[in-house]
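Participant: what follows is a protein structure lacking sequence information:
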């Protein structure tokens with residue numbers, strides 16, 4: 001449950017064990033856990049820390065992805081980075097650490113553990129990263145982040161963005177023109193159709209894709225070009 005008072009000695013010890021780091025300046029930790037609704041005199045809230053923590057997290061994850069995937073192109077790395085530093089992922093890490101039990105809020109903010117408050121838990125996660133960074137520097141923040149995000153980063157090899165969006169950006173950078181999609185065949189009964197779509201890009205060999213909807217076939221065709229041209233690794 002959220003709380004309005006300062007951390008007790010018992011809670012401080014428990015939280016230190018959970019995050020694997022002991023603060024030299026406990027006020028930084030208190031601030032990282034304080035929502036603006038708490039109006040805690042002398043402690044402030046986590047809003048400024050959240051801003052800094054987001055940048056520290058992004059740097060460390062970008063470093064790790066750069067090292068883990070030496071052959072990945074910028075587009076692939078960006079997709080993985082965006083997924084790993086998203087509010088959803090930050091909230092998931094926060095939930096694993098059960099940080100909601102230590103967040104300080106005002107009486108008008110209830111059920112921090114609820115689905116609607118996921119952004120608060122994500123913000124606190126970033127704030128905690130910033131607090132560690134300010135307390136002990138980048139190496140300490142990096143150690144914390146890699147411990148909590150390391151396996152997720154390795155698993156991000158399977159993360160792909162929308163194929164049509166990726167192909168449009170690639171085609172625009174290469175030719176200045178957008179891909180053109182056209183239905184070349186529709187087979188099967190009305191209740192279970194199969195579409196065949198061709199995608200054409202100036203100066204690039206066409207590709208076709210199939211799917212049970214026009215959009216699915218377009219995605220399949222776009223994936224075909226991306227993999228053939230080496231933009232994506234073959235699935």
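Facilitator: Great, that's in hand. Predicted model only: the values in this text are computed from it and were never measured.
Participant: strands of the protein, residue ranges please.
Facilitator: 180-187, 194-201, 204-211 (DSSP state E).
Participant: give me whichever of these is most buried.
Facilitator: When you average the neighbours per residue for each of these (mean count of other Cβ atoms under 10 Å), strand 194-201 leads with a mean of 20. In short, each C-beta sits where N, CA and C put it, glycine included.
Participant: now do the helices in the protein.
Facilitator: 9-19, 26-32, 47-68, 74-84, 87-97, 118-136, 138-155, 163-175, 214-228 (DSSP state H).
Participant: closest one to residue 190 among these?
Facilitator: When those are compared by Cβ to Cβ, helix 214-228 sits nearest residue 190, at 14.2 Å.
Participant: quick one: least confident helix or strand in this structure?
Facilitator: Using mean pLDDT, DSSP states H and E, the weakest-scoring helix or strand in the chain turns out to be helix 74-84, at a mean of 81.
Participant: give me the phi and psi for the residue of the chain most remote from its centre.
Facilitator: For the chain, the residue at maximal distance from the C-alpha centroid (Cα atoms, centre = their mean) is residue 189, at 40.6 Å. Backbone torsions of residue 189, given as degrees, to the nearest 10, read phi -70, psi 160.
Participant: centre of the chain to stretch 118-136, how far?
Facilitator: 15 Å (Cα atoms, centre = their mean, to the nearest Å).
Participant: give me the contacts around it.
Facilitator: If you take Cβ atoms under 8 Å, 6 or more residues apart in numbering as the criterion, stretch 118-136 is touched by 19, 21, 23-25, 28-29, 31-33, 35, 46-47, 49-54, 56-57, 87-88, 90-91, 93-95, 99-100, 103, 105, 109, 112-113, 140-141, 144-145.
Participant: at 7 Å what do you get?
Facilitator: Identification of contacts with stretch 118-136 by Cβ atoms under 7 Å, 6 or more residues apart in numbering yields 19, 21, 23-25, 28-29, 31-33, 35, 46, 49-50, 52-54, 56-57, 87, 90-91, 93-95, 99-100, 103, 112, 140-141, 144-145.
Participant: about what we covered before: distance to residue 126 and mean pLDDT added to the strands of the chain, as a markdown table?
Facilitator: Below are the strands of the chain laid out as a markdown table (distance: least, Cβ to Cβ, whole Å; pLDDT from 0 to 100):
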| stretch | distance to residue 126 | mean pLDDT |
| --- | --- | --- |
| strand 180-187 | 39 | 95 |
| strand 194-201 | 39 | 96 |
| strand 204-211 | 38 | 94 |
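Participant: can I get the ones you listed in JSON lines with distance to residue 171?
Facilitator: JSON lines is the format used below for the strands of the chain (distance: least, Cβ to Cβ, whole Å):
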{"stretch": "strand 180-187", "distance to residue 171": "10"}
{"stretch": "strand 194-201", "distance to residue 171": "5"}
{"stretch": "strand 204-211", "distance to residue 171": "8"}
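Participant: many thanks, we can stop here.
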